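K.L.:
Sequence isn't available, so here's the structure alone:
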C-alpha cells in the first residue's frame, strides 16, 4: 500500500528545483521517480527509522536509494533552495515578522563518531552535536547551523546571522536583517553586540547577573518552540548521520516543512 506524504504544495516547490536526471549511457534499471524518493526521505525523517528498514510496500523504493538521493540533492543545493523558496512564499504574503528575531542553540545526542561532534558538557561529556537556529518573531526558521556540542553558542553567532538568506517577495530590496534580535545570557559578550551593531540590528540580549530569564523569555520562547518542532521529527531527536552534509540536509528539509506548515496556517 502506497502512502503519499508529500503535499501538492511542497511537491510543486521542489519539482522546480530538482535538476533533470541524465540517463545512464550504460542503461540499467529505470531511475526511481523523484516524487517517490522524496516521499521515502520524508517518511524516514518523520518516523526516525533506519534507512535500510524503509518498508518496500510503501512504494518509495529502497531506503539506500532514498539516502543517496538525499545526499545528491544536498550536493546540488536543492534543500537550501527549497527552504529559501518557501521563505519567499511566506514573505509574498507578508508573513515573516522581521520586527523581532530570536537565536538559540540546542544539544543533540550523537552515537560515536561523525563530523562536527564533541563532548557535551551538559551530558557528562557524552559525544553530541548542537544545532543553532535563528527564527523570526513567530518561530519561522530563517537560518540553521550545526557544531560540536562542546562549542559555545556565541562562537557561531556571526556565522548564523550571515546565514540568513536574502528573502524577496515584496516590493523593494530582498530582506535578511531583523530589526531586533533576542538572545539569552549565553550571548552576553561584547563581540556579539558589536556584530549586531555592524549589521544595524538592535541587541536584545539578556545580561548576566542583571536580567530575569522569565521576563526576557516572553519574546525568546518562540525559538525554543522551533527547537521542539525540529525534535518532533524522529530522525532529528538523535543525530544518527555521521556525515555533516547528510545531517544538514535533513535539518534543512525539516525547516522547509515547518515553513510549509506556517504557510498553511497564516497564508
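P.N.:
Nice, I can see it. Everything quoted here is computed from the prediction, not taken from an experiment.

K.L.:
Report the secondary structure state of residue 241.
P.N.:
coil (DSSP: H, G, I helix; E, B strand; the rest coil).

K.L.:
how about stretch 179-191: buried residues?
P.N.:
180, 181, 182, 183, 184, 186, 187, 188, 189 (16 or more other C-beta atoms under 10 Å). (Glycine included, C-beta is placed from N, CA and C.)

K.L.:
Give me the mean pLDDT for that stretch.
P.N.:
Stretch 179-191 comes out with an average pLDDT of 95.

K.L.:
next one: stretch 237-247 to chain centre, how far?
P.N.:
12 Å (C-alpha atoms, centre = their mean, to the nearest Å).

K.L.:
For that stretch, give me every contacting residue.
P.N.:
48, 50, 67, 70-71, 74-75, 108-111, 113-117, 128-129, 146, 231, 250 (C-beta atoms under 8 Å, 6 or more residues apart in numbering).

K.L.:
taking these one by one, which sit in strands?
P.N.:
Using DSSP state E, the subset of these located in strands is 108, 109, 128, 129, 146.

K.L.:
Just the buried ones from these?
P.N.:
By 16+ other C-beta under 10 Å, those give 108, 128, 129, 146 as buried.

K.L.:
what about residue 121, how many residues close to it?
P.N.:
13 (other C-beta atoms under 10 Å).

K.L.:
repeat for the one 4 residues further on
P.N.:
For residue 125, the number of neighbouring residues by other C-beta under 10 Å comes to 12.

K.L.:
Check residue 21 too.
P.N.:
Residues near residue 21, counting by other C-beta under 10 Å, number 12.

K.L.:
Assess the claim that it and residue 31 are in contact.
P.N.:
Yes - counting by C-beta atoms under 8 Å, residue 21 touches residue 31, with 5.6 Å between them.

K.L.:
circling back: are any of the contacts of stretch 237-247 buried, and if so which?
P.N.:
Buried, going by 16+ other C-beta under 10 Å: 67, 70, 74, 108, 110, 114, 116, 117, 128, 129, 146, 250, out of those.

K.L.:
what's the distance between the second one and residue 227?
P.N.:
As judged by C-beta to C-beta, to the nearest Å, residue 70 and residue 227 stand 22 Å apart.
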